[in-house]
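1. A predicted structure for the sequence below; I have some questions about it.
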Amino acid sequence: MTATADKPAAEVVDTVSLTIDGTEVSVPKGTLIIRAAEQVGIEIPRFCDHPALKPAGACRQCLVDVASPGPDGNLRAFPKPQASCTMTVTEGMVVNTQHTSEEADRAQKGVMELLLINHPLDCPVCDKGGECPLQNQAMSHGRPESRFVDVKRVFEKPLALSSEILLDRERCVLCQRCTRFSKEIAGDAFIDLQNRGAQQQIGTFDEDVLDFDGYRPVGAATVDEAGKAFSSYYSGNTVQICPVGALTSAAYRFRSRPFDLVSSPSISEHDSSGSAIRIDHRRGKILRRLAENDPVVNEDWISDKDRFAFAWQNLSDRLTRPLVRKDGELVETSWPEALAAAAAGIKAATAADDEGAARGAAVLTGGRVTLEDAYAYQKLARVVLGTNDVDSRARVASDEEQAFLGTQVAGTGLGVTFGELEKAPAVLLVGFEPEDEGGVVFLRLRKSLGRQQVLTVAPYLTRGAEKLGATLVPAVPGREAAALAELPADASEALSQPGAVIVLGERAAEAPGAFVAAQELASSTGARLAWIPRRAGERGAVEAGALPGLLPGGRTAALKGPRDVVAKAWGVDALPSAKGRDTAGIIAAAAEGAIGALVIGGVSASDLTGDVAAALEATGFVVSLEVRRSEIAESADVVLPVAPPSEKPGTFVNWEGRLRGFATAIQTDAMSDHRVLDLLAREWGVELGTGTVEAVNAELAALGAAEAAHRPAAPKAKAARNPRAKKGTAVLATWHQLVDEGALQDGEPYLAGTGRVAVARMSAATAASLGDAVSVEVSTEVGAVELPLVVTEGMVDGVVWVPVKSPGSWVARDLRAAAGAVVSVKGAA
Amino acid sequence: MSGSDEVWKVNRERDAKRETFESNLPKKGPIGEALAPVAGFGVSLRNFFRPTVTEQYPKVKVPTMPRYHGRHQLNRHPDGLEKCIGCELCAWACPADAIYVEADSNTPDHQVSPGERYGRVYQINYLRCIFCGLCIEACPTRALTMTNEYELAGPTREGLIYEKQDLLAPMGKNMLAAPHPMVPGTTDGSYYRQEVDGPVEEQVAWVREHRPDDPTLPENRGKEPVEDQAPREERYTSSQHAAGAAGGVRYENQGGGPF
């Protein structure tokens, strides 16, 4: 995470001059005619052409008249109009589009008539109606009257490709944008062209459609655990790029028309990529989200989670008024009363008892809040509550990770970028599964397929890693450090190439010594380090200092120097000096009754391995800041409602360190966390100064990044030894799948249907030790999870993998175990 | 001399140069000139002997012209399925933004209109509607037409937002109330081409199985009035057009408002 590498000197580009509709234009060599025409503002109708996909020439709508100089130098016209989306420009070429050439115009009209022959023209019932390129171009370039009088081809419709994506083959113009996206970008070829001629259609792998006669491929065909063509995490993009209404989403089916919608640009709250999205809402309700083109971050694409998971904030359990517990029941009350009750409760719970012993307060904030919110939480903890017990890592966390974040991540600005990750000759992934935990990071890595060597330190090669052409560096979960230390020579060699990147995921914190080992590897190979957490707010929380040992800007809370700098900026005498506890430490202390008051915002109890129920029970007073009536809110003493990201302005800091600010999409009277905390602090007579986003950002800018002496000490940790797996036990490997039962995906059954079936994975040898098992029961002293067994080739022996929070497998809640723990496994027939 | 005085001077000079106004009308003779001040009474006197045009509304209700633009109506197919598919083209065409539509998917258990889509919410705000009829022109299924009903006034703003049940055409003689499946073997195209002329036995059987008490079933007809929804008058008892229809009770201004 050093400064950005020097930009290469401006490359000299060969240019080609040509004439389009009488306008001279010079474009780089290899440019397509259709792009050259765009540069001079000449619009050529098209369906199959998409700048991010390879040329196909499938729809023929972009036909133009082309003449180019022959060997003798004389201009020779092509005998027929040519597809401008597949032909590159040549020197001296003369192109006449439909604006100047009657023949091109006639050809385009003819193609349009042909495309419309089998099109059902059911625009009134079609979701694309009103924003449909086919509809628009039929109006601008089509005939006013149809000459077709025969019966149109009909198909059964809609065909559900997955629970979310619906296919209407009648409307399809066979442009192949969807199949090209699936193959080129996502790597999930779940749909393809089938049949020939008039019966040509897009379809899933369907024996009837393919006229299947028992012929099967010799090699192993990849099918998912459900035994059906598996669904893609990026399938929603095909709906957005479909130029007709052939692909539609079940979630948006018949919901509204484009003229009903108000579009607001925003940033996705689902992962640390900070993808640019567009929120389309009608009467204050979000109806859909689309990808916005942001060339430096998400390009044209977003994951299905970014696109479809937005219903959570409008569910019936949404909080709109503050709640205060009276006679054991949470009752709605006014803001002043709730704030007064919250402050009085915290004061009473943390006051010294008769013997003079006082229990402290602690603040927990999940990794979902914005930079400004995280800043307000930690400032409240340090200024008002006088404690360093504040943590934003609602997951496995370690001091080693915190030291790494303080020295390498916080306040370092823009580190490795998406573009650099894409161009890296070699990428080593540690505790990071790009498809499941990275969202669009996966698409960037896949873009370099064949040009980039991907190495992944993991217990097995996932399907996502396979799609990246990754090489497995086998590691038992929790022992990644050892794997890094003993990296094969060719892998270290690959990482020694200039521009190579080592990616550390949030799960690197589950492996003692992984950060140290990765740093050593980086210094020995010269590779750069990137930390890609899973949640959207993680990097922002690190920048804001919402970690027990970190102050804003990467300053350590352990030294007096940096504490004084921050105290001076905040106008207080001193900051608390006692060492703060992390999330697990706070929950454990609370369960023992050592915490007087807890302020919790944006944390799901089921994400934590500790006994949250006992912790809340034993804590004197709990204040919860929540969007919805969560489990924690239900057992809190005061619940303060806060705004979801679409109803407030704020900033997410993505994993690159890029500030992704967003404005309010929907105006409501819901308040941001930082504003609520500002009001709460006033009950103590403290002006927190976090009332507005601008105020917080001004404070953050004034504080700036820490000087080197104020940073925490370099991470120190010993690699864990390989555990001795006894018979009947295995080491637990586990991570979140992209589409699972996370709180932000609630209320969206169609998206949930595209998630992968939860299974337990084991190597053949480990599975054999269980006997003839069909399913596996994974258990700890606390509970058990039973899942169907899938024997996975090339998996590390003695390891069992289960998803963290998929249907039927809530590891943190049911097992209270994290990756690297030794769990009992039992086979079941 | 100040600047404004100068302006006035210029203006006065310009006015002085203007020609005085002379009418093109033929000049009257001396008798005409003399009677000119009372000529207006002639108009009144003439009308004493003409038939009156005052309409005695609401005591006497004069029929409108047949194509008068009155309240909208959402029509049904002959078998009782709704014609509206919730496409929102009416809302799109509306220059006054008076129409609000939300569509939904037809399912086998809940088939409201032929095809995939039906209008779940349909509202027309008669405070906004200007009765231009562009919505009628836009409707691709002839679901929306206009009736001659013109008594659209009411005491509340909410009451003048007509919901789908207020706008739906009354059930015809043989119609079967939706939802029920389409006629077997037909598509939405068959309905559009008017190839369906009434409910068939399968549809009746389906409704009998799912809603045995439905008043539009042949065996239930005549037991109670074939009105599948409460008339609007009952829902808004104080509304003016209800009072007008009942004859006698007039809406009284209760709030002391400007009217």
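-> Yes, it's here.
2. Now do the buried residues in stretch A:59-71.
-> Of the residues in stretch A:59-71, A:Cys59, A:Arg60, A:Gln61, A:Cys62, A:Leu63, A:Val64, A:Asp65, A:Val66, A:Ala67, A:Ser68 count as buried by neighbour count, 16 or more other C-beta atoms under 10 Å in any protein chain shown. The way it works is simple: take the backbone N, C-alpha and C, and place the C-beta from them, glycine included.
3. ok, and which of those reach chain B?
-> For chain B, no contacts are drawn from these by C-beta under 8 Å from any C-beta of the partner chain.
4. Pass me the low-pLDDT residue ranges in the chain, would you?
-> With no chain named, the answer covers chain A. Counting by pLDDT under 70, chain A shows low-confidence ranges at A:1-12, A:190, A:204-231, A:722-725.
5. actually it's chain B I care about, not the one you picked
-> Checking chain B against pLDDT under 70 turns up B:1-2, B:224-259.
6. Now B:Ile130. Its backbone dihedrals?
-> phi -110, psi 10 (degrees, to the nearest 10).
7. from chain A, which residue is nearest to chain B?
-> Of all residues in chain A, A:Pro124 sits closest to chain B, at 3.5 Å by C-beta to the nearest C-beta.
8. Skipping its backbone neighbours, what lies nearest that residue in space?
-> Using C-beta to C-beta, 6 or more residues apart in numbering or on different chains and skipping the chain neighbours, the partner closest in space to A:Pro124 is B:Cys87 (3.5 Å).
9. what's near enough to touch the one you found?
-> Going by C-beta atoms under 8 Å, 6 or more residues apart in numbering or on different chains, B:Cys87 touches A:Pro124, A:Val125, A:Gly129, B:Val101, B:Ala103, B:Arg117, B:Pro140.
10. what's near enough to touch the second one?
-> With C-beta under 8 Å, 6+ apart as the criterion, the residues that contact A:Val125 are A:Phe254, B:Ile85, B:Cys87, B:Gly115, B:Glu116, B:Arg117.
11. which among the contacts of B:Cys87 end up buried?
-> Neighbour-count burial (16+ other C-beta under 10 Å) applied to the contacts of B:Cys87 gives A:Pro124, A:Val125, A:Gly129, B:Val101, B:Ala103, B:Arg117, B:Pro140.
12. just how off-centre is the helix or strand containing A:Ala567 within its chain?
-> If you go by DSSP states H and E, A:Ala567 is part of helix A:560-570. Centroid displacement of helix A:560-570 relative to its chain, using C-alpha atoms, centre = their mean, to the nearest Å, is 35 Å.
13. what's the next secondary structure element after that helix?
-> helix A:583-591.
14. before we move on, back to that, which ones among the contacts of B:Cys87 are found in strands?
-> Within these, residues falling in strands by DSSP state E are B:Val101, B:Ala103, B:Arg117.
15. beta partners of the first one?
-> Per DSSP bridges, residues listed as beta-bridge partners of B:Val101: B:Tyr122.
16. what residues are up against it?
-> Taking C-beta under 8 Å, 6+ apart as the test, what B:Val101 contacts is B:Gly86, B:Cys87, B:Glu88, B:Cys90, B:Ala91, B:Gly119, B:Val121, B:Tyr122, B:Gln123.
17. what's in contact with the helix holding A:Ala567?
-> Taking contacts as C-beta under 8 Å, 6+ apart, the residues outside helix A:560-570 that touch it are A:379, A:383, A:551-552, A:555-557, A:573-575, A:577, A:699, A:702-703, A:706, A:709-710.
18. Of those, select the buried ones using a ChimeraX command.
-> In ChimeraX, the members of the contacts of helix A:560-570 classed as buried (16+ other C-beta under 10 Å) are selected with the following command:
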select /A:379,383,551,552,555,556,557,575,699,703,706,710
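19. Which of the contacts of helix A:560-570 fall in helices?
-> Of the contacts of helix A:560-570, the ones assigned to helices by DSSP state H are A:Lys379, A:Glu699, A:Ala702, A:Leu703.
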